[in-house]
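give me coordinates for this.
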Amino acid sequence: MFLRRIQSSLTAISNHYIDWTRVGELLQSGTHRYSKEELVPRGMIIGTIATSAFLGSHFNNVKYTRCSSLVVAIAAGVLGFVVSHYLVIRPLINKRKEISAACTKLKNDIEAYATTNNLPFRDALDKTIQKIMRLSLTDEQAGRASQTWGKRLRLLKNLFETLQSNVTDDFWKQETSDIIDALENKEQYNGPSHYKKRNY
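Residues are numbered from 1 along each chain as shown. Reported below is the predicted structural model:
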């Protein structure tokens, strides 16, 4: 439990680019039967660890390192694990950074739209954007890095659509948390709702 808390904290610190609760998970098998696609990265990590440990031990020169071959082998194995694990999860990190860039663009578009149209509820809008960008689905059980970025992007999209729709100003007089709840369940106000402007 303590380790999970540290991993969850590291996930948040990394801005959800790295899910630290899943570091090392690639090596855990249990009773799960993996496909060939799943076995390849695991084999690469294990192979890199073994090769690194062997080379570290084989080429260790106690005179220069002042460490036993066992210590060097362990250190080299850990280094091999870190490097190989990073290479395996790098595509995920890049994907999350792409979503992050999409969120930033949406945020800028929303702010530009609000400025251009001189919207009266700008303060509420800014607070909503800030809360969305700080949103985290990380808990003590899982980091949920990808889910966090996915939800941020979805909420910002719904926010922009809402901003361009004909909801009344009363919608923005709600608490920030209530606005986000409404954005999460967009159909609640996108259909018949007391927040929808009437056309006479």
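
now the closest residue to T21 other than its chain neighbours: how far from A12?
Residue nearest to T21 in three dimensions, not counting chain neighbours: G143, with 3.9 Å by CB to CB, 6 or more residues apart in numbering. (C-beta placed from N, C-alpha, C; glycine too.) G143 is 8 Å from A12, where distance means CB to CB, to the nearest Å.

of the two, who's got more company?
Applying other CB atoms under 10 Å to G143 and A12 shows that G143 carries more neighbours, namely 26 against 15.

quick check, that one in a helix?
No. Per DSSP: H, G, I helix; E, B strand; the rest coil, G143 lies outside any helix segment and is coil.

the closest residue to I74 other than its chain neighbours: which element?
Spatial nearest neighbour of I74, chain neighbours left out: A53 (7.1 Å); criterion: CB to CB, 6+ apart. Using DSSP states H and E, A53 falls within helix 36-58.

avg pLDDT for that helix?
For helix 36-58, mean pLDDT is 81.

for the chain, which spans come out with low pLDDT?
Applying pLDDT under 70 to the chain flags the ranges 1-4, 23-38, 140, 187-200.

can you rerun that using 50?
Scanning the chain for pLDDT under 50 picks out 191-194, 198-200.
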